[in-house]
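**Student:** sequence first, then the predicted structure, then my questions.
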Amino acid sequence: MPSASRAAKRQCLSCITRCSVHENDPPHPEPDPEPDHERGFATRALRTGHVRTAEGEHCEPIFTTSSFVFASAAEAAARFAGEVPGNIYSRFTNPTVRAFEQRLAALEGGAACVATASGMSAILATCMGLLKAGDHLVASRSLFGSTSMLFDKYLARFGVETSYVDLTDLEAWAAAIRPQTRLLFLETPSNPLTEMAEIAPLADLAHTHDCLLAVDNCFSTPALQRPLAYGADLVIHSATKYLDGQGRCVGGAVVGDAKHVGEDVFGVVRTTGPSMSPFNAWLFLKGLETLELRMQAHCMAAQALARWLDAQPAVQRVHYPGLAAHPQRHLVGPERQQRAGGGIVAFEVAGGREAAWRVIDATRLCSITANLGDTKTTITHPASTTHGRLSPEARASAGIGEGLIRVAVGLECIEDIQADLARGLDAPS
Ligand SMILES: *Cc1c(COP(=O)(O)O)cnc(C)c1O
């Protein structure tokens, strides 16, 4: 960008309430027009979205303000009428939140991003923005628990019906599509069994039937997988997980194009109010700065732990995309859909719930909590926690047995994590 326009932009944000330069800026939430897509991932993660104010701050500022001041009654009227872009009220837009949105959009390769108060409100706003009564949704069966609850208990009440299919079965996806189907929704890899869907053929299938494909990219993050590059239309995040990466706050985001995300989803968030707080946006900005490094470290540790678990006599089976035995191993690797195996490892022990709980209760280091994507290792028993509300039959058909344990591998010394798990695995039953 020429330096003159850079200077103008700086001046613009420094006098954010009364500036005419700002009128030429693209409306929210299109990202900064600097050629970010030519820069590397790590550079975008550190630099995109922050437009320095006249104070010359180096770190992104937190704009803790609920509303914004207008230079005149006429300017207020013009902003409210949408004739002049610019901030009005932090439920609509906020500069710190916008910095996070632009940075995440640049990392996912999307034109627009809308930040939300949580991952679940990102999914709700997507559904409200893109679906109406009478529409039909096809989703992978192995979804995050609250997501299936949202679809079955709440969307159903407003006349949107959901069909569930096996994540990895392309023919089942095709067979489930009806004339009323508008959206395909999936998570890859799945929780907790790390099954993977191939995104490109599902995007083709969606587009053939005039549907959109939404991918919940919470497990992989854009550091490992960019669904938009494989044809997906929307990427959904629980920023609570790896984007923050340090277990500090709850947030979410939707990334996609200017129409579906920039207008449709943004319109819902702006009006109904599940907006991200500026303080949380700032923490997520800081999280994004180290995302790639953290994901590399999570992947290395998880790969090592998966191999080690695979060699333990008490372990019957390990689910991890980086292992040779994983059914969708071909989707993992540099230049493949998912750059590396990710940070989540699930494994099965003989002896059902009693044996699994013994392993979990023998740990002294791993945190017994259902959250994931933290620098601290967390361990959970899916059958009695995250998937506890499913009927035993539904759990069994989803492959979530009583002996299954999920570990979200953190950044402690891998030897210490192994020793922590060995205590329960070695214990005589
Ligand atoms: C946690 C999670 C969500 C929901 O996110 P919240 O921030 O807890 O609302 C959605 N999808 C997946 C895959 C998750 O792990």
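**Tutor:** Cool, the structure landed. Predicted model, so just to flag it, every value in this text is computed and none were measured.
**Student:** tell me the spacing between the nearest residue to residue 426 once chain neighbours are set aside and residue 322.
**Tutor:** Using CB to CB, 6 or more residues apart in numbering and skipping the chain neighbours, the partner closest in space to residue 426 is residue 314 (7.3 Å). Using the backbone N, CA and C atoms, a C-beta is placed for each residue, glycine as well. Residue 314 sits 21 Å away from residue 322, going by CB to CB, to the nearest Å.
**Student:** what's the neighbour count on the residue nearest to residue 426?
**Tutor:** Around residue 314 there are 18 other residues, counting by other CB atoms under 10 Å.
**Student:** wait, what's in contact with it?
**Tutor:** Residue 314 makes contact with 349-350, 355, 425-426 under the criterion CB atoms under 8 Å, 6 or more residues apart in numbering.
**Student:** of those, which is the most crowded?
**Tutor:** Greatest neighbour count in the contacts of residue 314, by other CB under 10 Å, goes to residue 349: 25 neighbours.
**Student:** what is the most widely separated pair among the contacts of residue 314?
**Tutor:** 350 and 426 (13.6 Å; CB to CB).
**Student:** who does the closest residue to residue 366 other than its chain neighbours form a beta bridge with?
**Tutor:** Using CB to CB, 6+ apart and skipping the chain neighbours, the partner closest in space to residue 366 is residue 379 (4.2 Å). Judged by DSSP bridges, the bridge partners of residue 379 are residue 368, residue 407.
**Student:** now residue 379: how far from residue 368?
**Tutor:** 6 Å.
**Student:** the more surrounded of those two?
**Tutor:** More crowded of residue 379 and residue 368, by other CB under 10 Å: residue 379, with 24 against 13.
**Student:** any idea of the pLDDT on that one?
**Tutor:** Residue 379 is assigned a pLDDT of 98 by the prediction.
**Student:** list the contacts of it.
**Tutor:** By CB under 8 Å, 6+ apart, the contact list for residue 379 reads 360, 363, 366-368, 405-408.
**Student:** the closest residue to residue 92 other than its chain neighbours: neighbour count?
**Tutor:** Using CB to CB, 6+ apart and skipping the chain neighbours, the partner closest in space to residue 92 is residue 270 (4.8 Å). For residue 270, the count of nearby residues is 17 (other CB under 10 Å).
**Student:** in a helix, residue 270, correct?
**Tutor:** Yes - Residue 270 sits within a helix when classified using DSSP: H, G, I helix; E, B strand; the rest coil.
**Student:** could you measure it against residue 278, distance?
**Tutor:** From residue 270 to residue 278 the distance is 15 Å (CB to CB).
**Student:** now do residue 351
**Tutor:** Distance, residue 351 to residue 278, using CB to CB: 49 Å.
**Student:** who's more crowded, these two?
**Tutor:** Comparing residue 351 with residue 278 by other CB under 10 Å, the one with more neighbours is residue 278, at 22 against 15.
**Student:** so for the residue in the stretch 251-400 of the chain that the ligand sits nearest to, what's the pLDDT?
**Tutor:** The minimum distance from the stretch 251-400 of the chain to the ligand, using CB to the nearest ligand atom, falls at residue 252 (5.3 Å). In the prediction, the pLDDT value recorded for residue 252 is 98.
**Student:** how about the one 4 residues further on?
**Tutor:** Per-residue confidence for residue 256 comes out at a pLDDT of 98.
**Student:** for it, give me its contacts.
**Tutor:** Neighbours of residue 256 in contact, by CB under 8 Å, 6+ apart: 110-112, 228, 233-235, 265.
**Student:** what's the farthest-apart pair in those residues?
**Tutor:** Pairwise over the contacts of residue 256, using CB to CB, the maximum falls at 228 and 265, 14.6 Å.
**Student:** neighbour count winner among these two?
**Tutor:** Neighbours were counted for residue 228 and for residue 265 using other CB under 10 Å; residue 265 has more, 29 against 23.
**Student:** isn't residue 162 up against residue 135?
**Tutor:** No - using CB atoms under 8 Å, residue 162 is not in contact with residue 135, being 10.1 Å away.
**Student:** about what we covered before: let me know the closest of the contacts of residue 379 to residue 247.
**Tutor:** Distances from residue 247 to these, taken by CB to CB, are shortest for residue 367, at 8.9 Å.
**Student:** what's around the closest one, how many residues?
**Tutor:** 15.
**Student:** ok, now the one 10 residues further on?
**Tutor:** When neighbours are defined as other CB under 10 Å, residue 377 has 26 of them.
**Student:** picking that back up, name the residues contacting each of residue 379 and residue 368.
**Tutor:** Common neighbours of residue 379 and residue 368 (CB under 8 Å, 6+ apart) are residue 360.
**Student:** any low-confidence regions in this protein?
**Tutor:** 1-35, 428-429 (pLDDT under 70).
**Student:** longest helix in it, by residue count?
**Tutor:** Counting residues, the longest helix in the chain under DSSP state H turns out to be helix 291-310.
**Student:** for the following helix or strand past it, packing partners?
**Tutor:** Per DSSP states H and E, the first helix or strand lying C-terminal to helix 291-310 is strand 315-319. Contacts defined by 3 or more CB pairs under 8 Å, 6 or more residues apart in numbering; DSSP states H and E place strand 315-319 against helix 291-310, strand 344-349.
**Student:** and the ones you listed, which is most packed in?
**Tutor:** strand 344-349 (a mean of 25; mean count of other CB atoms under 10 Å).
**Student:** now it - C-alpha only, CSV.
**Tutor:** Listed next in CSV are the C-alpha coordinates belonging to strand 344-349 (Å, rounded to 0.1, in the frame of the first residue of the first chain):
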residue,chain,number,x,y,z
ILE,A,344,-6.2,-34.6,20.5
VAL,A,345,-5.6,-38.3,21.2
ALA,A,346,-8.2,-40.8,22.2
PHE,A,347,-7.5,-44.3,23.4
GLU,A,348,-9.4,-47.3,24.7
VAL,A,349,-8.5,-49.4,27.7
